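1. One predicted model, sequence on top.
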Amino acid sequence: MPVRAIFFDYDGVLTLDTSGSLTTNRFVSERSGIPYDRVANAFRRHNQALNEGASSYAEIWPAVCADLECDLPLDLLMEAFASTPINEPMLQIARDLRRRCHVGIITDNKMDRMEYLTRHQRLRDVFDPIIVSAKVGATKTDGRIFQAALRALRVDAADSVFIDNTASNLVAASALGMKTVWFDEKTNDVSRLAQRLAVDFGV
């Protein structure tokens, strides 16, 4: 039987950058002139709290600016979010799949970033649900985020597929009984992925 739902990771699958942190750090570094490593270090200690919904970018921004010894405008973050490079061939696969099954997103991400990108990239035109770790309070190492996605569609784990570019993010999903696919973002062979989804899962 063909699967009823396919869930995509966001960064590294639906985007061309391996992580949202990479996108944000790079943009802030380029626009501010502050070395990338300093920017990455300033954000790193907040990353877990951001991904688990214990904090927001707006809340940690003063501390980031203090670490960088530079008073940067918060709007710079919105520009950083907007710079996220979408993986257009993958997005087209998702559009095509939506004619045959449910298509959603499961992502370890910051709430304010994903709220902005959902509007800016019109993600809800293609994906429903969009499950964000910061809203669920659990990342992809925890089965709860996958359970939230399955509940949203009222589908069984065995009738769903989860695609991610990080193998460790597939473990909890697989333990629940979801079918899983590792995607190599380095080769970005979207055609091969589409073929596998058709042959292995009937979609």
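-> Cool, got the structure.
2. and Leu16, how many residues sit next to it?
-> Here the number of neighbours of Leu16 (other Cβ atoms under 10 Å) works out to 16. The C-beta positions use only the backbone N, C-alpha and C, and glycine is treated the same way.
3. and what of the one 5 residues further on?
-> Residues contacting Ser21 under the criterion other Cβ under 10 Å number 20.
4. part of a strand, is it?
-> No - Ser21 is assigned helix when assessed by DSSP: H, G, I helix; E, B strand; the rest coil, not a strand.
5. From Ser29, how far off is it?
-> Separation of Ser21 from Ser29 (Cβ to Cβ, to the nearest Å) stands at 12 Å.
6. List the neighbours of the helix or strand Ser191 falls within that are in contact with it.
-> Ser191 is located in helix 190-201, with elements delineated by DSSP states H and E. Here helix 190-201 makes contact (Cβ atoms under 8 Å, 6 or more residues apart in numbering) with 2-3, 6, 87, 89-90, 93, 96-97, 161, 163, 179, 181, 183, 203.
7. can you map out the helices along the protein?
-> With DSSP state H applied, the chain shows helices at 20-32, 36-44, 47-51, 57-68, 75-82, 88-97, 111-120, 133-136, 143-153, 171-175, 190-201, listed in chain order.
8. Could I get those helices in a markdown table, plus columns for distance to Val126 and mean pLDDT?
-> As requested, these are arranged in a markdown table below (distance: least, Cβ to Cβ, whole Å; pLDDT from 0 to 100):
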| stretch | distance to Val126 | mean pLDDT |
| --- | --- | --- |
| helix 20-32 | 19 | 97 |
| helix 36-44 | 29 | 97 |
| helix 47-51 | 23 | 97 |
| helix 57-68 | 25 | 96 |
| helix 75-82 | 18 | 96 |
| helix 88-97 | 5 | 97 |
| helix 111-120 | 11 | 97 |
| helix 133-136 | 19 | 98 |
| helix 143-153 | 15 | 98 |
| helix 171-175 | 21 | 98 |
| helix 190-201 | 15 | 95 |
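9. highest average neighbour count across those?
-> helix 133-136 (a mean of 21; mean count of other Cβ atoms under 10 Å).
10. Specify the residue ranges that define each domain of the chain.
-> 5-17+85-201, 20-82 (automatic domain parsing).
11. Among the helices of the chain, which comes closest to Gly104?
-> Closest to Gly104 of the helices of the chain is helix 143-153 (Cβ to Cβ; 6.0 Å).
12. Off-centre distance for that closest one?
-> Helix 143-153 has its average C-alpha position 15 Å from the chain's average C-alpha position, going by Cα atoms, centre = their mean, to the nearest Å.
13. Adjust the sequence numbering to begin at 38 for everything that follows.
-> Sure thing, new numbering starts at 38, so read that last one as helix 180-190.
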